[in-house]
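Visitor: coordinates for the following, if possible.
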Amino acid sequence: MLPSLTLVLGGAASGKSAYAERLVIAHGGARVYLATAEAHDAEMRAKLDRHRARRGPDWRTIEAPRDPGPALGQVGPEDVVLLDCATMWLSNHLLDEGDLTQAEVALFHALDTCAAPVVVVSNEVGLSVVPDNALARRFQNAQGALNQHLAARAGLVVNVIAGLPQVLKGALP
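Guide: Okay, here's the model as predicted:
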């Protein structure tokens, strides 16, 4: 049984999304995929298409690039949600130059009140070099803080490296 919140971390192309999908499938229940990415170019569209094909038709997909609250409020206890990913959600807000603090408050309220277990995928950016420009440094700092806040709330935190899970907090179901 998954806790109410699970965080799956990893670097780019680490296998974190595929691992999170396996966690959701193993949990059982109706699968809800909460998509935060937006396809602004052909390369990103192709990546999203590959992810969708890998998941197959047994997932209900809801696109929520900035505000997952309404979608999380509509799921029931028989569902299990995969929010993929917190990094794209954060990027969307940073690029919009909106109130990030308010967005995080709304996100955490939605996660805390969701009736279904939620698995959140997020990029670990703390292992890389300090970026050479202000926006990238702001992103890295904001992503690190978001991951820490998610990890503090999560009952299970898993770091995925080369497709291999390492449990950082909690126990695998």
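Visitor: need phi/psi at the nearest residue to D84 once chain neighbours are set aside.
Guide: Nearest non-adjacent residue to D84, counting by CB to CB, 6 or more residues apart in numbering: V121, 4.4 Å away. Any C-beta I mention is one placed from the backbone N, CA and C, and that applies to glycine too. Note on V121: its backbone torsions stand at phi -100, psi 140 [degrees, to the nearest 10].
Visitor: okay, now V121: neighbour count?
Guide: Other residues lying near V121 total 24 when counted by other CB atoms under 10 Å.
Visitor: against V160, how distant is it?
Guide: 9 Å (CB to CB, to the nearest Å).
Visitor: so what's in contact with those two at the same time?
Guide: Counting by CB atoms under 8 Å, 6 or more residues apart in numbering, the residues touching both V121 and V160 are V8, G10, K16.
Visitor: in JSON lines: these, plus neighbour count.
Guide: Converted to JSON lines, these look like this (neighbours: other CB atoms under 10 Å):
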{"residue": "V8", "neighbour count": "29"}
{"residue": "G10", "neighbour count": "25"}
{"residue": "K16", "neighbour count": "26"}
